[in-house]
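>>> Need coordinates for the following:
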Amino acid sequence: MMKKIILTILFSLFTVTILLAQIPDLKVEKITPLTSLDQGEFFFPKLTPDGSQIVFTGAKFHGLFVMNLESKKIETLNQDDGAGYEFQISGDGKYVIYRQFEFKNKRKFYTLKKQNLRDKQVTIIEKEVRELSPPRLVKNNLLYLKDEQPVKVNLQPALNQTLSAGGKAVFIKEGKIVLIDNGETKELAPLGEGIYIWPQLSPDGQKIVFTFAGDATYICDLNGEILTKIGYANAPTWSPDGKWIAYMVDHDDGHFYTDSEIFISRADGSKKIQITDTADIIEMYPNWGADISKLVFSSNSGQIFLAKLKQD
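I've put the predicted structure just below:
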C-alpha cells in the first residue's frame, strides 16, 4: 500500500514537471518609449486586438487617445470625464466602450458609450444612470451591472439589443468580488472579510486573479477556492494564453510612489521574471494584448512604453 502511494506521488510530481517544462520562458527583447512627456501625460494603455494601435487615457482618466504604432501619430478620441477608467476595446478592434460621468445637482450620473476608433462617432448605450459598473466584454457581448442588476448587450448586429445577462464577468462592489455567471450574480470573498481589488477572469473563464489589499495577489476558481498565491503583485493581468500574470511591484512613502517595476509570473506561481529595472522610471499598470509578445504599460509621470517579449 505504501509503495503504491509513493509511486502515485512520484508520478504526480513527474507529470507536473513535464507540464511546467511545456511552458516556454519569456524574456525581454526590447522596451520602447512610445510617447514623450512633452506630448502630454498618458496612462493605462491597452493594445487593440491586432496590435496595430494603442488606446490610453489622460490624467485622472480624462479623455481617450489612440496611437497608430506604425506612424506613432496620436489622435484624440474624446475629452469625456472618466472615459479612461476600465475602458474596453471590442474584439474586432473597431470600437472602444467606456463610461462618462457628470454631476447634476451634486449627484453623479454615468453614461455608457461606444465610440468608433476610425471615424470617432459615438453611440450611447446607457444614459445618465446612477449606479453603473465599468463594462466588460465577452466576445461580442457587453456585460455590466446597472442598479446592481446584470445586463448583457449584444454589440452585433444591433447595439440596442439588450438581453438577459449571460456569459461571465467579474466586478468589484463594496470591496468584494462580484461574479456574473450566465445571468446569475454571486459575491466571492475567497479570503474572508477584507478589501478585494483588481479582479480579472482568465481567458478561458475558469479562474479569477485578484489582489487582497494589504496582503497579496491570488488566483481562485469560480467558487472562490484559492488555487495559487502569486505574492506581492499589484494590478495583475492575464496573458492572452492564460499561462502568465503581468503585474507591478510598487512601493510608496505614504504619500507618493517611490519606485515600481513590471514583473510577470507563471500562473502557477512557479517562476517570476522581472521585465523592467530602472532607477529613474516608475513603471506601472501593465497590459497584454492578443499577442503574448507585446506588453504595454505607463510610467507614473505619464509616459507610455511597449515591451517586446520573446519565448525562450
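
>>> Pull the number of nearby residues for Ala213.
Close neighbours of Ala213, defined as other Cβ atoms under 10 Å, add up to 12. Any C-beta I mention is one placed from the backbone N, CA and C, and that applies to glycine too.

>>> tell me the contacts of it?
194-197 (Cβ atoms under 8 Å, 6 or more residues apart in numbering).

>>> of all those, which comes closest to Asp221?
Comparing the contacts of Ala213 against Asp221 with Cβ to Cβ picks out Tyr196 as the nearest, at 15.2 Å.

>>> in which helix or strand would I find the closest residue in space to that closest one that isn't next to it in sequence?
In space, and not counting its chain neighbours, Tyr196 is closest to Ile177: 5.0 Å by Cβ to Cβ, 6 or more residues apart in numbering. Using DSSP states H and E, Ile177 sits in strand 176-181.

>>> Dump the C-alpha coordinates for the very next helix or strand once past that strand into CSV.
Where DSSP H and E defines the elements, the next helix or strand beyond strand 176-181 is strand 184-188. Provided in CSV are the C-alpha atoms of strand 184-188 (Å, rounded to 0.1, in the frame of the first residue of the first chain):
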residue,chain,number,x,y,z
GLU,A,184,-26.6,34.8,-12.0
THR,A,185,-24.6,37.1,-9.7
LYS,A,186,-22.8,35.9,-6.6
GLU,A,187,-20.3,37.6,-4.2
LEU,A,188,-17.0,35.9,-3.6
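
>>> which parts of strand 184-188 are buried?
185, 188 (16 or more other Cβ atoms under 10 Å).

>>> Kindly report the same for stretch 229-249.
Under 16+ other Cβ under 10 Å, the buried positions of stretch 229-249 are 230, 233-239, 242-249.

>>> quick one on the thing from earlier: now the contacts of Ala213 as CSV including pLDDT and distance to Lys308?
Listed next are the contacts of Ala213 as CSV, based on pLDDT from 0 to 100; distance: Cβ to Cβ, whole Å:
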residue, pLDDT, distance to Lys308
Gly194, 95, 37
Ile195, 96, 35
Tyr196, 97, 33
Ile197, 97, 29
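
>>> In strands, which of those appear?
196-197 (DSSP state E).

>>> Quick one: the contacts of Ala213 as TSV, columns for distance to Leu142 too.
Conversion of the contacts of Ala213 to TSV gives the following (distance: Cβ to Cβ, whole Å):
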residue	distance to Leu142
Gly194	30
Ile195	27
Tyr196	23
Ile197	22
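
>>> Among the contacts of Ala213, which one has the most neighbours?
Tyr196 (24 neighbours).

>>> looking at the sheet around that residue, what are its partners?
Phe212 (DSSP bridges).

>>> That one touches Val178, doesn't it?
No. Counting by Cβ atoms under 8 Å, Tyr196 does not reach Val178; the two are 9.7 Å apart.

>>> Which residues are in contact with each of the two?
With Cβ under 8 Å, 6+ apart, Tyr196 and Val178 have common neighbours 172, 188.

>>> and the gap between the residue nearest to Tyr196 and Gly194?
Counting by Cβ to Cβ, to the nearest Å, the separation of Ile177 from Gly194 is 11 Å.

>>> For the most centrally placed residue in the chain, list each beta-bridge partner.
The centre of the chain sits closest to Thr237, judged by Cα atoms, centre = their mean, with a distance of 5.0 Å. Beta-bridge pairing for Thr237 (DSSP bridges): Ala246.
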